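In: Sequence first, then the predicted structure, then my questions.
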Amino acid sequence: MLEKYFKLSEHGTTVKQEVIAGVTTFLAMAYILAVNPSILGAVMDPNGVFVATALASALATFLMAFMANYPIALSAGLGLNAYFAYTVCLGELADVEDPFRIALTAVLCEGIIFIVISVFKFREQIINSIPQNLKLGISVGIGLFVAFIGMQGANIIVNDDATLVALGDFGSADVALALIGLIIIAVLAHYKVTGAVLIGIIVTWVLGMIAQSTGWYAGNCFPDFSQGIQLGGIVNTAFKFNFEWVGSHFISFIAIVFSFLFVDLFDTVGTVVGVADKAGLLDKDGKLPRVGKVFMSDAIGTTVGACLGTSTITSFVESSAGVAAGGRTGLASVVTGLLFLVSLVLSPIFLAIPSFATAPALIYVGMLMASSAKRIEFDGDMADTLGAYLAMVMMPISYSIATGIMFAVMAWVILKVFEGKTKDIHPVMWVVFALFALRILALVTHFQ
């Protein structure tokens, strides 16, 4: 049955090979089960976020397996969860009660929009309208932003009244252990150890337990099994939408939705194409067969994830680890999805992992995302150059992915107009420009 459904022989693979690939992918990306509750836990119930993340990841990965038959796994996207928690909830909506409900509503709307444009095949057209330099600049900016959040979570970087930021206390356990964890991940990655990020988190966490036992670390690193498997938190996150606020703040809400939409668009495409290329799944024209089903898996996963209580679900680049292990079909994704379900019984363990142990993962993944900078063309068109540059620097400095995208798009369109190259501006980019112009107008009105 497996042979008939997944066409294993046609793809030159076996059941054993696919199982190994599925396990490899899970080990490479399982860190998200600790990182996502850590990030979204700043504004939501971490327990509920953990359950929502595991369930939404399993569902979306199963959809990828059975609809598209690709060895690609999905989960809550890094960068998008940071934007959800720190920019939207703790920033733009800091004065609103339960801001996470508005953010979840935005993710729900993003997912529904993606379902619609995936059905009508608009998603590829939108991707093609975004200049390559801007895509790369945004990827770099998100990487720097994610790394910055990791450093703050471990107190490597702290607030300072004089310079806004400063180095933390290097004699403290959280700073020292986070830096040790980062070195561990880097060494393991150098030797191409499967699951290097997850292993780094676990080793750092164990060191934290030792530090706590000796009195060096004052927090609590030990899991609490007294209450059994902790799945009840889902009631605090599932279907917690706020449509009433949307009606009275429509322009601001649209800007939030669009920021989620914009980042998820090319994040998914870039990841899927990259993984598919490594697996030899692209056709002779460099296109991905069944790409519509790939997008639909992502869109449904995001919609269901919002209903359960987590940020945007997207394809994970760590799927390439499974591909390197021989994964070629959706059977590998089935295995990965099953392991996400199994992880539910380990909730006390994942929820006990402290932020200093997940910080190395954020810093390391941020580095991988920032590597896109080497592909940015800095000697070409000034609009492309400045747009990419502003995306890179404004995200971490303004502590907002949306602001970085806004500066990049606005600068790019304005410079194209002054260069007399309006033909280069796709209609979609004009729409994006108009939306961000409205957002700026709303910000100006808000501060007056």
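Out: That came through fine.
In: just for the stretch 51-200 of the chain, where's the confidence low?
Out: Across the stretch 51-200 of the chain, residues meeting the criterion (pLDDT under 70) sit at 123-128.
In: no no, the stretch 301-448 of the chain
Out: When residues are selected by pLDDT under 70, those of the stretch 301-448 of the chain lie in 324, 442-448.
In: Tell me where it has strands.
Out: Under the criterion DSSP state E, counting those that start in this stretch, the stretch 301-448 of the chain contains strands at 313-315.
In: burial measure for Val235, as a count.
Out: The number of residues packed near Val235 is 14, by other C-beta atoms under 10 Å. Using the backbone N, CA and C atoms, a C-beta is placed for each residue, glycine as well.
In: quick one: it and Gly48 touch, right?
Out: Yes. Proximity of Val235 to Gly48 meets the contact threshold set by C-beta atoms under 8 Å, at 7.1 Å.
In: what sits against the nearest residue to Val413 once chain neighbours are set aside?
Out: Here the nearest residue to Val413 in space, its sequence neighbours aside, is Phe433; by C-beta to C-beta, 6 or more residues apart in numbering that works out to 4.5 Å. Taking C-beta atoms under 8 Å, 6 or more residues apart in numbering as the contact definition, Phe433 lies against Val409, Met410, Val413.
In: Can you give me the distance of Leu93 to Ala238?
Out: Distance from Leu93 to Ala238, counting by C-beta to C-beta, to the nearest Å: 20 Å.
In: Settle it for me: which of the two has more neighbours?
Out: Relative neighbour count places Leu93 above the other of Leu93 and Ala238, with 22 against 17, counting by other C-beta under 10 Å.
In: what phi and what psi does the backbone show at the more buried one?
Out: Dihedral angles of Leu93 (phi, psi; degrees, to the nearest 10) stand at phi -110, psi 20.
In: Neighbours of the residue nearest to it when sequence neighbours are not counted, how many?
Out: Computed as C-beta to C-beta, 6+ apart, the closest residue to Leu93 that is not its neighbour in sequence is Pro99, at 3.5 Å. By the criterion of other C-beta under 10 Å, Pro99 has 22 neighbours.
In: residue contacts, Pro99?
Out: Listed by C-beta under 8 Å, 6+ apart, the contact partners of Pro99 are Val43, Val88, Cys89, Leu90, Leu93.
In: that's a strand at the fourth one, yeah?
Out: Going back to what we said before, that points to Leu90. No. With the criterion set as DSSP: H, G, I helix; E, B strand; the rest coil, the secondary structure at Leu90 is helix rather than a strand.
In: Quickly note the distance from it to Gly168.
Out: Relative to Gly168, Leu90 is positioned 20 Å away (criterion: C-beta to C-beta).
In: again, but for the third one
Out: Distance of Cys89 to Gly168, computed by C-beta to C-beta: 24 Å.
In: Pull the helix or strand containing Gly48 out as CSV, backbone CA atoms only.
Out: Counting by DSSP states H and E, the element that carries Gly48 is helix 46-63. Once non-C-alpha atoms are left out, helix 46-63 reads as follows in CSV (Å, rounded to 0.1, in the frame of the first residue of the first chain):
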residue,chain,number,x,y,z
PRO,A,46,3.2,28.2,27.3
ASN,A,47,1.4,24.9,27.9
GLY,A,48,-1.3,25.7,25.4
VAL,A,49,1.2,27.0,22.9
PHE,A,50,3.2,23.7,23.1
VAL,A,51,0.1,21.6,22.5
ALA,A,52,-1.1,23.8,19.6
THR,A,53,2.4,23.7,18.1
ALA,A,54,2.7,20.0,18.2
LEU,A,55,-0.8,19.4,16.8
ALA,A,56,-0.6,22.0,14.1
SER,A,57,2.8,20.8,13.0
ALA,A,58,1.6,17.2,12.8
LEU,A,59,-1.5,18.1,10.8
ALA,A,60,0.3,20.4,8.4
THR,A,61,3.1,17.8,7.9
PHE,A,62,0.5,15.1,7.3
LEU,A,63,-1.2,17.3,4.7
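In: Contact partners for the nearest residue to Met29 once chain neighbours are set aside?
Out: Closest residue in space to Met29, ignoring its immediate chain neighbours: Glu318 at 4.0 Å, by C-beta to C-beta, 6+ apart. Taking C-beta under 8 Å, 6+ apart as the contact definition, Glu318 lies against Thr25, Ala28, Met29, Ala73.
In: Where does confidence bottom out across those residues?
Out: When these are compared on pLDDT, Ala28 comes out lowest, with 77.
In: Distance of that residue relative to Ser252?
Out: Applying C-beta to C-beta, the value for Ala28 to Ser252 is 37 Å.
In: Neighbours of Leu368, how many?
Out: 16.
In: the residue most distant from the middle of the protein, which is it?
Out: No residue in the chain has its C-alpha farther from the mean C-alpha position than Gly420, which lies at 36.5 Å (C-alpha atoms, centre = their mean).
In: Helices of the stretch 51-200 of the chain, start to end?
Out: Counting by DSSP state H, counting those that start in this stretch, the stretch 51-200 of the chain has helices at residues 80-82, 99-119, 123-129, 132-153, 173-190, 196-214.
In: Between those helices, which one is closest to Thr403.
Out: Of all the helices of the stretch 51-200 of the chain, it is helix 132-153 that lies closest to Thr403, at 9.8 Å by C-beta to C-beta.
In: Compute the inter-axis angle for that closest one and helix 173-190.
Out: Calculated by axes from the mean of the first three to the mean of the last three C-alpha atoms, to 10 degrees, helix 132-153 forms an angle of 140 degrees with helix 173-190.
In: picking up where we left off before, roughly how far apart are the residue nearest to Leu93 and Lys240?
Out: Relative to Lys240, and taking C-beta to C-beta, Pro99 is found at 11 Å.
In: can you list contacts of stretch 192-211?
Out: The list of residues contacting stretch 192-211 from outside it, by C-beta under 8 Å, 6+ apart, reads 24, 27-28, 30-31, 34, 173, 177-178, 180-182, 184-185, 188-189, 217, 219, 221-222, 321, 325, 352-354, 356-358, 360-361, 364-365.
In: For PyMOL, what selects the buried ones among those?
Out: What follows is the PyMOL syntax for the buried subset of the contacts of stretch 192-211, where burial is set by 16 or more other C-beta atoms under 10 Å:
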select buried, resi 24+27+28+30+31+34+173+177+178+180+181+182+184+185+188+189+217+221+321+325+352+353+354+356+357+358+360+361+364+365
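In: and Met44, what are its phi and psi?
Out: Main-chain dihedrals, Met44, degrees, to the nearest 10: phi -140, psi 170.
In: That one and Ala103 touch, don't they?
Out: No. No contact is recorded between Met44 and Ala103 when judged using C-beta under 8 Å, the distance being 9.1 Å.
In: In contact with the closest residue to Ala82 other than its chain neighbours, which residues?
Out: Closest residue to Ala82 in three dimensions, ignoring its sequence neighbours and counting by C-beta to C-beta, 6+ apart: Ile149, at 5.2 Å. Residues in contact with Ile149 (C-beta under 8 Å, 6+ apart) are Ile39, Ala82, Tyr86, Leu362.
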